[in-house]
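**Q** Quick one, structure for this:
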Amino acid sequence: MPIVTVKMLEGRNDDQKRALVEKVTNAVSDTVDAPKEKVQVIIEEMPKTHYGVAGTRISDM
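**A** Just a heads-up that it's a prediction; the model follows:
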């Protein structure tokens, strides 16, 4: 049972997340020959204040 975690900044709408889950599920299923019913996709969203690059928070850029 493959479990995939996608971490991303918040701000995507439900249609985008739905499409992401569908496409990740299909890619994993096709790549590792796992039944789609067994593929789990977890989306972890974080606020821009909780993520930084090169010493600067994304929210401050």
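**Q** Going by C-alpha atoms from here, please, whenever you check contacts or count neighbours.
**A** Noted.
**Q** in stretch 12-31, what counts as buried?
**A** Buried residues in stretch 12-31, counted by 16 or more other CA atoms under 10 Å: V21, V24, T25, N26, V28, S29.
**Q** any residues touching that stretch, and which ones?
**A** Contacts to stretch 12-31, defined as CA atoms under 8 Å, 6 or more residues apart in numbering, come from residues P2, A34, P35, K36, V39, Q40, V41.
**Q** Could I get the average pLDDT for stretch 25-33?
**A** Mean pLDDT, stretch 25-33: 98.
**Q** any idea how far that stretch is from the chain center?
**A** Centroid displacement of stretch 25-33 relative to its chain, using CA atoms, centre = their mean, to the nearest Å, is 15 Å.
**Q** so I58 touches T49, yeah?
**A** Yes. Contact criterion CA atoms under 8 Å: I58 and T49 qualify, at 6.5 Å.
**Q** neighbour count winner among the two?
**A** Legend: neighbour count by other CA atoms under 10 Å for I58 and T49, higher for I58 (15 against 12).
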